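Engineer: Sequence and computational prediction follow.
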Amino acid sequence: MARKKILYFFSFNSPYAALSDLRIDQMVDKVDARLEPIPLVPPPLDPPSGLAAQLQQSKMEYMAEDCVRWAKRLCIPWSPPAAGPVDTRDAVAGYYYARERGKERDYRNAVFRSRWCEGKDIGDRTVLAACASDCRLSANDFLQALRTRHYHSQVDDAIGRALENSVFGVPTFVVDGERYWGNDRLEFLLEAVERDD
């Protein structure tokens, strides 16, 4: 029987995607499925105001508390950056550079670790170059690729795939047309992969 393919939509800015990313590869390997990661750079939204801004603030505070609980449960070091979301277009362009060289998984894991476990600014190209070096890629070649912006052309294509799959948040996993949204849905995902249709 052919290995099932799992579409994995993620954002480097998402703490829940980080929690999933630090364990999804090993989980998928155990069920002999194929993971297709798709990094997203969501379009910017106007900041909320009034009551909506207060609710958004409460949500962000809750997410911070909840991620600490999850990290503790999963025995994952957790040290998020003090600053909020950053521009991840370079990080995602770097992902495509690494993927082309067979280092997709190592680079993706390194960027998530840098941001969420080490509190680094992944909007900084020197931080991204260090992630590339961790994957045994040339930091100089990596930075040159970011300067040419060749890989940036692929960044927006992922939004189309997300829309095709009705993805509204990250992390979202899609297998056999079914969506599983969130770090806390990985067990349901694995059950679906192991299910005989």
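Structural biologist: It's in.
Engineer: Contacts for the longest helix along the chain, please.
Structural biologist: Criterion DSSP state H: the longest helix present in the chain is helix 50-74. Residues outside helix 50-74 that contact it (C-beta atoms under 8 Å, 6 or more residues apart in numbering) are 15-16, 19, 22-23, 47-48, 76-78, 80, 183. C-beta: built from backbone N, CA, C; applies to glycine.
Engineer: So which of those wins on neighbours?
Structural biologist: Among the contacts of helix 50-74, the one with the most neighbours (other C-beta atoms under 10 Å) is residue 19, at 25 neighbours.
Engineer: how far away is that one from residue 78?
Structural biologist: For residue 19, the distance to residue 78 equals 9 Å [C-beta to C-beta, to the nearest Å].
Engineer: what touches both of the two?
Structural biologist: Taking C-beta under 8 Å, 6+ apart as the contact rule, residue 19 and residue 78 both touch 67, 71, 116.
Engineer: buried subset of those?
Structural biologist: Among the shared contacts of residue 19 and residue 78, those scoring as buried are 67, 71, 116 (criterion: 16 or more other C-beta atoms under 10 Å).
Engineer: now those residues in JSON lines, with pLDDT?
Structural biologist: JSON lines is the format used below for these (pLDDT from 0 to 100):
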{"residue": "67", "pLDDT": "96"}
{"residue": "71", "pLDDT": "96"}
{"residue": "116", "pLDDT": "97"}
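Engineer: of those residues, closest to residue 169?
Structural biologist: Nearest to residue 169 out of those is residue 67 (C-beta to C-beta; 14.8 Å).
Engineer: What spatial separation is found between the closest one and residue 123?
Structural biologist: 20 Å.
Engineer: Quick one, grab the pLDDT at the residue in the chain sticking out farthest from the centre.
Structural biologist: Most distant from the centre of the chain: residue 50, at 30.4 Å, with distances by C-alpha atoms, centre = their mean. Listed pLDDT for residue 50 reads 91.
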